[in-house]
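> coords please:
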Amino acid sequence: MKFFISHSTKDKVHINRYVKIIEQNYQVIIDSRDFIPGEPLSQLIRDKIDESDKVIVFYSKNVAEHPKWVFDEVRYAIEIQKPFACVNLDNSEIPELITTDNEKLYFRHTDSIELIEKLVYQVAGLDFDQIKEKLGDRLIDPAEEFINHLTVDQVRFINDGKFLDLLGALSEFPKFQLLPKAVVTGYLNGSDPTASYYNDELQVLETFGIIETAESHNKFKIRDKALYDILRKANKLYSHNWKQYFLDAIAIKLKQ
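Model prediction:
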């Protein structure tokens with residue numbers, strides 16, 4: 001999937017942060033790298049927007065002061081019905097041109113890497129066909145293996161972010177062994193796995209016999225090496241946003 005970035009060059013500092021995160025999973029088309037000096041800019045922009053799958057418009061006071069190029073890009077995106085999202089970098093008033101049916105999503109600028117990642121995932125709007133296009137059919141396999149390895153009831157319970165948080169933390173360590181609580185906490189971004197936030201999920205996983213605990217819940221592991229390997233495969237193949245892709249793929253498989 002390719003994203004066309006429409007923006008003011010004066011906003012490069014903010015834009016570069018987004019571009020780095022987008023490029024972890026997608027291609028980015030941006031003027032400073034992809035437009036060749038000497039070519040007719042207007043036609044080149046049209047070609048690049050045609051080539052892209054989605055457009056992200058970064059709006060700001062800098063765009064408002066010199067709107068021609070960004071507005072031309074937005075008009076063309078609307079003309080060819082290319083969906084786009086708008087990121088408001090500085091709470092500027094968004095012009096009517098941008099608030100059209102083509103503008104599918106609207107966001108306010110954030111410095112949070114986690115929130116930018118969620119923004120990118122939402123803009124990508126991955127449905128089943130897009131997941132297949134991005135990852136290939138073979139990359140859906142870990143979800144199918146996961147479903148086939150567990151009972152239907154287990155899968156339906158576990159098809160939730162917090163369950164996968166815990167299982168993901170236990171599978172990120174490269175060795176199949178009991179992990180001290182402190183290690184698991186590190187892989188949960190500092191969250192205590194035994195705290196109330198994960199308490200119900202921890203009990204369900206224990207009840208199903210999917211994980212085992214030792215030393216009064218101070219050590220944990222996935223009981224089944226095959227399940228551990230499936231989760232590590234999903235982590236490797238789906239890469240940065242692996243938990244969300246994996247949950248989506250599981251949900252799709254359950255509906256088929």
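> Mind listing residues that contact the helix or strand harbouring N199?
N199 belongs to helix 196-207 when assigned by DSSP states H and E. Residues outside helix 196-207 that contact it (Cβ atoms under 8 Å, 6 or more residues apart in numbering) are 157-158, 160, 162-163, 165-167, 188, 191-194, 211-213, 217. The C-beta positions use only the backbone N, C-alpha and C, and glycine is treated the same way.
> go with 7 Å
157, 162-163, 166, 191, 193-194, 211, 213 (Cβ atoms under 7 Å, 6 or more residues apart in numbering).
> same deal with stretch 5-25?
Outside stretch 5-25, the residues that touch it by Cβ under 7 Å, 6+ apart are 3, 28-30, 55-58, 60, 62-63, 66, 70, 73-74, 89, 109, 113, 116-117, 120, 239-241.
> now stretch 146-164
With contact meaning Cβ under 7 Å, 6+ apart, stretch 146-164 is reached by 198, 201, 204-205, 208, 226-227, 230, 243, 246-247, 250-251, 253-254.
> at 8 Å instead, please
Taking Cβ under 8 Å, 6+ apart as the rule, stretch 146-164 contacts 167, 197-198, 201, 204-205, 208, 210, 224, 226-227, 230-231, 234, 243, 246-247, 250-251, 253-254.
> By neighbour count, sort out the buried ones in those residues.
167, 198, 201, 204-205, 210, 224, 227, 230-231, 234, 243, 246-247, 250, 253 (16 or more other Cβ atoms under 10 Å).
> Name the spans of the stretch 1-150 of the chain whose pLDDT lies under the cut-off.
Residues of the stretch 1-150 of the chain meeting the criterion pLDDT under 70: 31-41, 100-105, 125-141.
> Is it correct that T110 is in contact with I116?
Yes: T110 is in contact with I116 according to Cβ atoms under 8 Å; the separation is 6.3 Å.
> who's more crowded, these two?
For T110 versus I116, neighbours defined as other Cβ atoms under 10 Å are more numerous around I116 (19 against 14).
> ok now stretch 169-186, how far from the chain's centre?
On the basis of Cα atoms, centre = their mean, to the nearest Å, stretch 169-186 sits 23 Å off its chain's mean C-alpha point.
> any idea how far Q43 is from D72?
Separation of Q43 from D72 (Cβ to Cβ, to the nearest Å) stands at 11 Å.
> Which of these two has more residues huddled nearby?
Using other Cβ under 10 Å as the criterion, Q43 and D72 rank with D72 on top: 15 against 9.
> Where does the more buried one sit, in terms of helix or strand?
Using DSSP H and E, D72 maps to helix 68-79.
> number of nearby residues for G209?
Close neighbours of G209, defined as other Cβ under 10 Å, add up to 10.
> wait, S52 sits on I29?
Yes: the criterion here is Cβ under 8 Å, and S52 meets it with I29 at 5.6 Å.
> Can you check which residues contact both of the two?
The contact sets of S52 and I29 overlap at 2-4 (Cβ under 8 Å, 6+ apart).
> Show the buried residues in those residues.
So, by 16+ other Cβ under 10 Å, the buried ones in the shared contacts of S52 and I29 are 3-4.
> Distance to I147 for the shared contacts of S52 and I29 - can I get that in a markdown table?
Shown next, in a markdown table, are these (distance: Cβ to Cβ, whole Å):
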| residue | distance to I147 |
| --- | --- |
| K2 | 31 |
| F3 | 32 |
| F4 | 36 |
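> what's the closest of the shared contacts of S52 and I29 to T99?
F4 (18.9 Å; Cβ to Cβ).
> residues contacting the closest one?
Residues near F4 by Cβ under 8 Å, 6+ apart: 29, 48-49, 51-52, 54-56, 73, 77.
> Would you point out the most distant pair within those?
E51 and I56 (14.6 Å).
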